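Trainee: A predicted structure for the sequence below; I have some questions about it.
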Amino acid sequence: MHVVVNAAMSVDGKLASRRREQLAISGPEDFDRVDRIRAAADGVMVGVGTVLADDPHLTLDVTDRRVQRQRHGRPGNPARVVADSTARTPLDARILDDEATTYLLVSEQAPEDRRTELADAGAELIVAGDDRVDLAAGIDRLADEGLERLMIEGGGELISSAFEEGLVDELSVFVGSMLIGGRDAPTLADGDGFTEEFPALTLDDIEQLDDGVVLNYTIDG
Ligand SMILES: NC(=O)c1ccc[n+]([C@@H]2O[C@H](COP(=O)([O-])OP(=O)(O)OC[C@H]3O[C@@H](n4cnc5c(N)ncnc54)[C@H](O)[C@@H]3O)[C@@H](O)[C@H]2O)c1
Ligand SMILES: Nc1nc(=O)c(N)c(NC[C@H](O)[C@H](O)[C@H](O)COP(=O)(O)O)[nH]1
């Protein structure tokens, strides 16, 4: 599986304010860029923290001929994927609508009744991991379902785990010209963080968009 992480952050590395409300950091040009990455993906993934904070839809306008071209003829939307250890995704979450297949990666801790409710609401459940979702195992199961290219959109906990498990191949980050601050605000990579053996990033190119810049990296090793 080829994994691309894409996010938008403030100049001080925040993905949102400490209130964790959805902040428009990207401008229209960057949102178009995000849609192009989504269109090229077979799956678009977030953590349940993002589902609870933003209720994202994670779909494209598949009636748009430009999107269809970017999808290289693949019908419909990319699949949606949520890392959700204990199946906390709300039953009325927009990602459970019928616009795309939605995989919920849960752990053994997910209560059976929640698994049943979410499956009845249309989610495809994949159980991977004892406590927290085992991302590597979950992504392998997605590969068994035929997915080859996965976009991870955040948030900070999920991105951090993906790097910790060495699953990331590319990172694109839009740096918007805003300063958010706040020791409790989500950042590009939260979790426990690295103290040694930091991920090896190679800067491939820089692109000026909207009021900010996009930094594109390849992850080595
Ligand atoms: N600016 C952006 O590009 C962007 C993108 C996405 C989210 N956000 C923001 O980020 C915030 C949410 O980020 P967050 O870090 O709180 O939550 P998150 O979306 O990273 O979800 C983290 C949760 O996912 C679950 N999870 C299951 N298995 C996991 C694993 N192996 N590793 C990590 N998490 C796992 C856990 O319950 C964990 O608490 C929101 O404020 C949202 O608006 C911003
Ligand atoms: N690229 C990007 N720029 C931003 O300024 C911003 N706030 C997000 N935040 C990510 C958001 O929380 C979700 O992950 C989806 O991007 C929303 O998805 P929909 O538009 O509902 O499909 N992402």
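Mentor: Structure's in. What do you need? Ligands and ions are numbered 1, 2, ... in the order given.

Trainee: after whichever helix in the chain runs longest, next one along is what?
Mentor: The residue-count maximum for a helix in the chain (DSSP state H) belongs to helix 28-40. Next helix or strand after helix 28-40 toward the C-terminus (DSSP states H and E): strand 43-47.

Trainee: Is ligand 1 within reach of that next one?
Mentor: Yes. Strand 43-47 reaches ligand 1 (Cβ under 6 Å from any ligand atom) through 46-47. C-beta here means a position set from N, CA and C on the backbone, and glycine is covered the same way.

Trainee: Can I get that strand in PDB? Just the C-alpha atoms.
Mentor: C-alpha atoms of strand 43-47 as PDB (Å, rounded to 0.1, in the frame of the first residue of the first chain):
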ATOM      1  CA  GLY A  43      -9.000   5.200   0.200                       C
ATOM      2  CA  VAL A  44      -9.100   8.400   2.300                       C
ATOM      3  CA  MET A  45      -8.400   7.800   6.100                       C
ATOM      4  CA  VAL A  46      -8.900   9.800   9.200                       C
ATOM      5  CA  GLY A  47      -9.000   9.000  12.900                       C
END
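
Trainee: For the chain, list the residues in contact with ligand 2, please.
Mentor: Residues of the chain lying close to ligand 2 (Cβ under 6 Å from any ligand atom) are 8, 22-26, 34, 46, 50, 54, 56-59, 153-154.

Trainee: out of those, which is most surrounded?
Mentor: A8 (28 neighbours; other Cβ atoms under 10 Å).

Trainee: and the helix or strand harbouring that residue, how far from the chain's centre?
Mentor: Using DSSP H and E, the element containing A8 is strand 2-9. With Cα atoms, centre = their mean, to the nearest Å as the basis, strand 2-9 stands 7 Å off its chain's centre.

Trainee: what helices or strands is that strand leaning on?
Mentor: The helices and strands touching strand 2-9, judged by 3 or more Cβ pairs under 8 Å, 6 or more residues apart in numbering; DSSP states H and E, are helix 28-40, strand 149-154, helix 156-164, strand 170-175.

Trainee: rerun that using 10 Å as the cut-off
Mentor: Here strand 2-9 touches helix 28-40, strand 43-47, strand 149-154, helix 156-164, strand 170-175, strand 212-220, going by 3 or more Cβ pairs under 10 Å, 6 or more residues apart in numbering; DSSP states H and E.

Trainee: What's the mean pLDDT across it?
Mentor: Per-residue pLDDT over strand 2-9 has a mean of 98.

Trainee: Same check on stretch 27-45?
Mentor: What stretch 27-45 shows for mean pLDDT is 97.

Trainee: buried sites along it?
Mentor: Of all the residues in stretch 27-45, those buried under the rule 16 or more other Cβ atoms under 10 Å are 27, 29-30, 33-35, 37-45.

Trainee: Stretch 2-21 now?
Mentor: By neighbour count on 16+ other Cβ under 10 Å, the buried set for stretch 2-21 is 3-10, 14-17, 20.

Trainee: can you narrow those residues to ones near ligand 1?
Mentor: Okay, of these touching ligand 1 (Cβ under 6 Å from any ligand atom), that's 7-8, 15-16, 20.

Trainee: For these, please prepare CSV with the additional fields distance to G193.
Mentor: Listed next are those as CSV, based on distance: Cβ to Cβ, whole Å:
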residue, distance to G193
A7, 16
A8, 20
L15, 15
A16, 18
R20, 19
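
Trainee: Specify which member of those residues is nearest to Y217.
Mentor: A7 (12.0 Å; Cβ to Cβ).

Trainee: Now the closest one: closest residue in space, sequence neighbours ignored.
Mentor: Spatial nearest neighbour of A7, excluding adjacent residues (Cβ to Cβ, 6 or more residues apart in numbering): G154 at 4.9 Å.
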